[in-house]
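[1] Give me the fold of what follows.
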Amino acid sequence: MIPKKDPKISLENKKGMFFQIGLAVTLIAIFISFEWKSYDKSNYNLGDLNLDDMEEEIIPITRQEVKPPPPPPPPPEIIEIVEDEVEIENEVEIEETDTDEDEIVEIEEDDEEFFMVVENMPEFPGGDLGLMKFIQKNVRYPAIAKEYNITGKVYVSFIVDRQGSVTNVKIVRGVDKNLDAEALRVVSLLPKYKPGKQRGKAVRVMFTIPINFTLN
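    Predicted coordinates:
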């Protein structure tokens, strides 16, 4: 009796496929064998660490040096003169006369608010011309300044208060202490102004005038 094989389960039909699979596996194994690398093992001796041989490192203590602050800048040598809106066209020329050097000049001080320009500026009796005549009439040239031929222009500031009185007389830029004192004395003698007004209300107004001391 001859056995018969079912063609559906027969492996003869798949012989070619198995051959190709085996061939592929063989090629892969050969390729891996050629590419395989091996390394010789070697012992590395890094040495022994002996902590007893290490000296303790001393870290010095450092302190940050504190530098002193820089000195403040020196004050400016030149004082700027704030010119008033009402300018006196002709400077006051002072001729040499006798003076009392021991006379004390009193200057009033007031820290209230004041204006430089207002709607209605204060008016001196007789206007600017009257102001110049008053200063020329009342200034007495200091004898010591006359002796040493000291001349120059002194700028004086003052405030006309709400009642028209002259207050806060100060030197804006001086020439000599004797000339400065005489300028302060004369300006403090100024009679009352007609008060200045801002929006119909009397206010304090500041002026700056130059007094020029000359010798013939």
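
[2] Helices along this protein, start to end?
    Listed in chain order, the helices of the chain (DSSP state H) span 15-35, 127-138, 143-147, 177-188.

[3] among those helices, which is nearest Phe158?
    Closest to Phe158 of the helices of the chain is helix 177-188 (C-beta to C-beta; 5.6 Å). Any C-beta I mention is one placed from the backbone N, CA and C, and that applies to glycine too.

[4] related to what we said a few turns ago, just put the helices of the chain in JSON lines and tack on distance to Val169 and mean pLDDT.
    Shown next, in JSON lines, are these (distance: least, C-beta to C-beta, whole Å; pLDDT from 0 to 100):
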{"stretch": "helix 15-35", "distance to Val169": "109", "mean pLDDT": "81"}
{"stretch": "helix 127-138", "distance to Val169": "13", "mean pLDDT": "94"}
{"stretch": "helix 143-147", "distance to Val169": "19", "mean pLDDT": "92"}
{"stretch": "helix 177-188", "distance to Val169": "5", "mean pLDDT": "95"}
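
[5] from the ones you listed, which stretch is densest packed?
    helix 177-188 (a mean of 21; mean count of other C-beta atoms under 10 Å).

[6] Next, the angle helix 127-138 makes with it.
    130 degrees (axes from the mean of the first three to the mean of the last three C-alpha atoms, to 10 degrees).

[7] begin at 49 from here
    Fine by me, first position is 49 from now on; the one you just mentioned is helix 225-236.
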